[in-house]
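A.B. asks: Below are the sequence and a predicted model; questions follow.
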Amino acid sequence: MGMDDFLEQAREKSKEFYLKRAQAAALSAQSSAQQAQQAVNEIAKRLMEYEADKNEENRNAVVLAARGAAKVAREVAQLANEASEAALLIVSTDLKRSMCGGADQNEKRGM
């Protein structure tokens, strides 16, 4: 196996790794986004209860629901960021391949 073959295999493995990472992060972000929607619904429910009866228990329930929603929102943002970073690395790997392997691609096309 020559150095070019070795580098090509390394690029493919790298791309596969980042693709799996991007897919996993995207699925996790989607799941967390559903949890975020549930958390927002919980805030709305707790606010309605608070409006009906402005006692300390209902006020605390609103605060807890808001904190929970904020936590889930941070998780969604973090997972979405991981997915986007992995996707950018995939594109970067392909771009590097096209720049480094331009001569090889021209040969394959018969140029």
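C.D. replies: Structure's in. What do you need?

A.B. asks: Over to Asn55: give its phi and psi.
C.D. replies: phi -100, psi 170 (degrees, to the nearest 10).

A.B. asks: likewise Asp53?
C.D. replies: Dihedral angles for Asp53 - degrees, to the nearest 10 - are phi -150, psi 100.

A.B. asks: Quick one: neighbours of it, just the number.
C.D. replies: Counted with other CB atoms under 10 Å, the neighbours of Asp53 add up to 9. Placement of C-beta: from N, CA and C, glycine included.

A.B. asks: same question, the one 4 residues further on
C.D. replies: For Glu57, the count of nearby residues is 9 (other CB under 10 Å).

A.B. asks: low-confidence ranges in the chain?
C.D. replies: 1, 97, 101-111 (pLDDT under 70).

A.B. asks: If we use 80, what do you get?
C.D. replies: 1, 7-8, 11, 93-111 (pLDDT under 80).

A.B. asks: quick one, helices of it?
C.D. replies: 3-52, 56-100, 102-108 (DSSP state H).

A.B. asks: where's Arg59 relative to Asn41, distance?
C.D. replies: Taking CB to CB, to the nearest Å as the measure, Arg59 and Asn41 are separated by 19 Å.

A.B. asks: What of Ala69?
C.D. replies: Computed as CB to CB, the Ala69 to Asn41 distance reads 9 Å.

A.B. asks: between the two, who's got more neighbours?
C.D. replies: A direct count of neighbours by other CB under 10 Å for Ala69 and Asn41 places Ala69 higher, at 19 against 12.
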